[in-house]
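S.K.: can't give you the sequence, but here's the structure:
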């Protein structure tokens, strides 16, 4: 089946050099496979967004932007209700961004630039000042770290069962040595496999799985103490330290954040 553009996309004039669209998405929202005539940045407030590409699955918490170049087929899934900003990027500015779909790490300045557009509910750029702001945003994004995913997946026969078990039970505190016995391998071999297959250590991988669960539970209103216990931490402070290291600020601040779309 041919991958189609959305009718709303085809009705738009080209970004000048950006076009922003704002939407409040409901939980369990699914978008079937489609593509866009321009590169697209996806920015969410709280929550988690999943994008499925032909050979890639992007999972992004709210401190990342998802970048998908023009004409790349993808589908999307929103796990929980969230405020969403779609940013179409002109072909000229898109040349500054990666050639492949990826995650881009946000910064306070990037967040402020997007928030200003959102507070003004700006779609197309209205004047030279807006265009300058758009160019600054993309320039800053071009300088950010990119990653193929927040939580890489693997079909490796040793790594895959461990990932599945940790995703099903994020409180599982077994050591790498214990997992090595479980999958009939050695600790050294598993450590090498995690680095070669996922680009991170076993501990880093487990923390990312845990933080994705934490983001969902924070959205549901669970207390930080309950989340810490459900993730296998003996004290909330240990959980908070892990969360801050990966997300950049505390779980409570994450919960209290409000999208510009919901501010009075």
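M.R.: Structure received. Bear in mind the structure is a predicted one, so any value in this text is a computation, not a measurement.
S.K.: From here on, just use CA atoms for contacts and neighbour counts.
M.R.: Fine.
S.K.: beta partners for residue 146?
M.R.: Bridge pairing for residue 146 (DSSP bridges) gives the partners residue 104.
S.K.: List the residues that contact it.
M.R.: Contact analysis of residue 146 by Cα atoms under 8 Å, 6 or more residues apart in numbering lists 102-105.
S.K.: would you list the residues you listed in JSON lines and tack on neighbour count and distance to residue 4?
M.R.: Formatted as JSON lines, these follow (neighbours: other Cα atoms under 10 Å; distance: Cα to Cα, whole Å):
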{"residue": "102", "neighbour count": "25", "distance to residue 4": "21"}
{"residue": "103", "neighbour count": "26", "distance to residue 4": "24"}
{"residue": "104", "neighbour count": "25", "distance to residue 4": "26"}
{"residue": "105", "neighbour count": "20", "distance to residue 4": "29"}
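S.K.: Return the closest of those with respect to residue 141.
M.R.: Nearest to residue 141 out of the contacts of residue 146 is residue 104 (Cα to Cα; 7.1 Å).
S.K.: For that closest one, give me the pLDDT.
M.R.: For residue 104, the pLDDT comes out at 93.
S.K.: Please apply the same query to the one 10 residues further on.
M.R.: pLDDT, residue 114: 95.
S.K.: Next: residue 237.
M.R.: pLDDT, residue 237: 96.
S.K.: what's the answer for residue 32, then?
M.R.: According to the prediction, residue 32 has pLDDT 86.
S.K.: mind listing what it touches?
M.R.: By Cα under 8 Å, 6+ apart, the residues touching residue 32 are 74-76.
S.K.: ok, back up a step: next, format the contacts of residue 146 as a markdown table and append distance to residue 202.
M.R.: Converted to a markdown table, the contacts of residue 146 look like this (distance: Cα to Cα, whole Å):
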| residue | distance to residue 202 |
| --- | --- |
| 102 | 22 |
| 103 | 21 |
| 104 | 23 |
| 105 | 22 |
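S.K.: if we can go back for a sec, can you flag which of the contacts of residue 32 belong to strands?
M.R.: Residues of the contacts of residue 32 located in strands (DSSP state E): 74-76.
S.K.: Next up, the contacts around residue 214.
M.R.: Contacts of residue 214 by Cα under 8 Å, 6+ apart are residue 227.
S.K.: likewise residue 213?
M.R.: Applying Cα under 8 Å, 6+ apart to residue 213 gives the contacts residue 170.
S.K.: In the helix-or-strand element of the chain with minimal mean pLDDT, which of the residues would be classed as buried?
M.R.: Least confident helix or strand, the chain: strand 56-61 with a mean of 78, by mean pLDDT, DSSP states H and E. For strand 56-61, burial by neighbour count (16 or more other Cα atoms under 10 Å) applies to 57-61.
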